[in-house]
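Chemist: Requesting a structural model of the entry that follows:
(chains A and B)
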Number of protein chains: 2
Amino acid sequence: MSEQTADAPLDIVFLVYEGLTPLDLAGPFDVFGRLPGAKIRMVGPTQGLQRTTSGTLALQADSSIDEVTSADILIIPGGPGSDALALNSQVTDWVCAMDKTTRFTVSVCTGAQILAVAGLLEGRKATTHWRAMEMIAQYGATPVTARVVEDGKIITSAGVSAGIDMALTLAARIGGEEVARAIQLLLEYAPEPPFDSGRIEDASPALLDLARNGLPKP
Amino acid sequence: MSEQTADAPLDIVFLVYEGLTPLDLAGPFDVFGRLPGAKIRMVGPTQGLQRTTSGTLALQADSSIDEVTSADILIIPGGPGSDALALNSQVTDWVCAMDKTTRFTVSVCTGAQILAVAGLLEGRKATTHWRAMEMIAQYGATPVTARVVEDGKIITSAGVSAGIDMALTLAARIGGEEVARAIQLLLEYAPEPPFDSGRIEDASPALLDLARNGLPKP
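Modeler: Below is the predicted model:
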């Protein structure tokens, strides 16, 4: 793939909706927002404020899906609201139509549920948050446990924080590795998690129960 | 410190302002938002939409600083806008007054610049984004290169993504380690950066020049 040049703006659209998980969106936003030539738009089922997870943070959708018909990259974050959004055929039809125009169609976390219902994961390898792995399989995806899964132009990433890894990977493909490394340096992305509990494979039954049933879902 | 109980809500205030870096806010938001008993408020210099970094994402400040006089935890994210915000004495006076009421006063990234001008870092160990280390030293802080620095109730974290590490550390102190680990599992925070360029100490002069002068600052 050729690298992005300043005279060919890269048109990036984020789907922003009620009940998304902000980190799903902010990770890729802060990576792609530093990519030379990138032009980012926030698009919602309706124009206006979209309340996230717990209702205490609202993000603005500057346009509604009716107004936006193409993108170079379409990014769909996840969150507790993705379960309901996947049942909204106006949204999934739009995602399907947008996908015909994109270079990359991307999900973070349970955003993959929207791609699944839109029919875009059928016969493809894909990943999502562990809570949605069975759901995407029901729509014909082959679930893969990985931070980032690429199958053609469909790129899916695991839960929430995996969006940062996905975005840096894709930024390197688009803008070149040096640009991606410079963005990583700007974001000081040299993570030091204080615990080692980020993987479902390593979780004890008690921890998994607490995560599933004791706390707000992502 | 005793653990948080459901009958004692934990009042968390984020300062949200023009030119913040969304990931600075979203990392801690998605951690603290899952802490049992947490009540989060978004507070801005003025009430209403606050445009972030590149202007293409707007977050809503539900209240203005005039309306908010106390918090258990005050969190100040960074971003390109923090340089200007640190010169706004109405904001730094408010931060100073709020600090008198908090259990923890916290910054992410260049949010430390606001704490510095408010006089809260004088004589304390602190960290910030590498681009602001000299600035906080000028205000009497002893800069420390670390992801998270705790000095009494003042907790500072390094650039952008370090807010996630800070929030999980503090969540464990408040809610107990098992809750913090469950939140980590929900966020699938098992990072796999595709490159190893997140630390200023390891950056080549060419990469540092690209980060400093070739891309939008965080």
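
Chemist: Can you list the buried residues in the host helix or strand of residue A:24?
Modeler: Using DSSP states H and E, residue A:24 maps to helix A:22-32. Buried residues in helix A:22-32, counted by 16 or more other CB atoms under 10 Å in any protein chain shown: A:22, A:23, A:24, A:25, A:26, A:27, A:28, A:29, A:30, A:31, A:32. Bear in mind the C-beta positions are built from the backbone N, C-alpha and C, glycine included.

Chemist: what angle do the helix or strand following that helix and helix A:22-32 make?
Modeler: Next helix or strand after helix A:22-32 toward the C-terminus (DSSP H and E): strand A:38-44. Relative orientation of strand A:38-44 versus helix A:22-32 (axes from the mean of the first three to the mean of the last three CA atoms, to 10 degrees): 160 degrees.

Chemist: Let's see the pLDDT reported for residue A:154.
Modeler: Looking at residue A:154, its pLDDT is 98.

Chemist: need the contact list for it.
Modeler: A:104, A:105, A:106, A:115, A:120, A:121, A:124, A:126 (CB atoms under 8 Å, 6 or more residues apart in numbering or on different chains).

Chemist: ok, and which of the buried residues of helix A:22-32 reach chain B?
Modeler: A:22, A:23, A:25, A:26, A:27, A:29, A:30 (CB under 8 Å from any CB of the partner chain).

Chemist: In CSV, list the residues you listed along with pLDDT and distance to residue B:48.
Modeler: Supplementary listing: these in CSV, determined by pLDDT from 0 to 100; distance: CB to CB, whole Å:
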residue, pLDDT, distance to residue B:48
A:22, 96, 18
A:23, 97, 23
A:25, 97, 20
A:26, 97, 20
A:27, 97, 25
A:29, 97, 20
A:30, 96, 22
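
Chemist: What pLDDT does the model give the residue most central in space within chain A?
Modeler: The residue lying closest to the centre of chain A (CA atoms, centre = their mean) is residue A:108, at 2.6 Å. Listed pLDDT for residue A:108 reads 98.

Chemist: I'd say it and residue A:78 touch.
Modeler: Yes. The criterion here is CB atoms under 8 Å, and residue A:108 meets it with residue A:78 at 5.7 Å.

Chemist: Overlap in contacts, these two.
Modeler: Common contacts of residue A:108 and residue A:78, defined by CB under 8 Å, 6+ apart, comprise A:24, A:160.

Chemist: Could you see whether chain B lies near the helix or strand residue A:207 falls within?
Modeler: For residue A:207, the host element (DSSP H and E) is helix A:205-209. Yes. Using CB under 8 Å from any CB, helix A:205-209 reaches chain B at A:206, A:207, A:208.

Chemist: Between those residues, which sits nearest residue B:41?
Modeler: Checking these against residue B:41 with CB to CB, the nearest one is residue A:207 at 29.6 Å.

Chemist: Please, where are all the strands along chain A?
Modeler: A:10-15, A:38-44, A:48-51, A:58-61, A:63-64, A:73-76, A:104-108, A:125-126, A:142-143, A:148-151, A:154-157 (DSSP state E).

Chemist: Output the contacting helices and strands for the longest one.
Modeler: So the one you mean is strand A:38-44. Applying 3 or more CB pairs under 8 Å, 6 or more residues apart in numbering or on different chains; DSSP states H and E, one finds that strand A:38-44 contacts strand A:10-15, helix A:22-32, strand A:58-61, strand A:63-64.

Chemist: got the angle for the first one vs strand A:38-44?
Modeler: This points to strand A:10-15. Using the same axes, to 10 degrees: strand A:10-15 against strand A:38-44 is 20 degrees.

Chemist: What is strand A:10-15 packed up against?
Modeler: Using 3+ CB pairs under 8 Å, 6+ apart: strand A:10-15 touches helix A:22-32, strand A:38-44, strand A:73-76, helix A:89-99.

Chemist: would CSV of the ones you listed with distance to residue B:169 be doable?
Modeler: Formatted as CSV, the helices and strands packed on strand A:10-15 follow (distance: least, CB to CB, whole Å):
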stretch, distance to residue B:169
helix A:22-32, 17
strand A:38-44, 31
strand A:73-76, 29
helix A:89-99, 37
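
Chemist: To residue B:145, which of the ones you listed lies closest?
Modeler: Of all the helices and strands packed on strand A:10-15, helix A:22-32 sits nearest to residue B:145, with 21.5 Å by CB to CB.

Chemist: Against residue A:215, how distant is the residue nearest to the centre of chain A?
Modeler: 19 Å (CB to CB, to the nearest Å).

Chemist: cool, residue A:15 as well?
Modeler: Note on residue A:15: its distance to residue A:215, by CB to CB, is 25 Å.

Chemist: same deal with residue A:143?
Modeler: From residue A:143 to residue A:215 the distance is 23 Å (CB to CB).
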